[in-house]
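>>> dropping a prediction and its sequence here:
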Amino acid sequence: MNGDIYERQADLCSVFSNPKRLQILDVLQDGEEQTVSAIQDATGIPQSTVSRHLKLMRDRGVLKKREDGVYNYYVLTDERIADGMNTMRDVLVDQLERDTDLLASER
């Protein structure tokens, strides 16, 4: 595989190096379009911050935007993005459970 794919993969992964963007991804993972206000309500993240993260995610090809009058609707470009993030989260949950079990057994 040529090195360009690794560069692109690293760039895509960097989008998800922020907990707020992971929260936004969580809201969008069901495949339904969401407005900035709906994302703000679901996450508790201030609207200006949500908008800034949505722009970055859109610029990196993670989201697409549909304009309808005064509303902008956002949706994932590919559901596999959410699947990948959920797999990573599952691995982390398993690691935390193992660490908790290990700590409990040492006491």
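Now that the structure is in, tell me what you want to look at. This structure is a prediction, so every number in the text was calculated from the model and none was measured.
>>> how far away from the center of its chain is the helix or strand where Q9 lies?
Assigned by DSSP states H and E, Q9 falls within helix 3-15. Chain-centre distance of helix 3-15: 16 Å, with Cα atoms, centre = their mean, to the nearest Å.
>>> and the gap between M88 and R98?
16 Å (Cβ to Cβ, to the nearest Å). Every residue, glycine included, has its C-beta placed from N, CA and C.
>>> avg pLDDT for the top helix by length along the chain?
Counting by DSSP state H, the longest helix found in the chain is helix 79-106. For helix 79-106, the mean pLDDT works out to 89.
>>> list the buried residues for it?
The neighbour-count check on helix 79-106 (16 or more other Cβ atoms under 10 Å) flags 81-82, 85 as buried.
>>> which of the helices or strands spans the closest residue to N18 other than its chain neighbours?
Distance criterion Cβ to Cβ, 6 or more residues apart in numbering; nearest residue to N18, sequence neighbours excluded, is H53 at 7.1 Å. Assigned by DSSP H and E, H53 belongs to helix 47-59.
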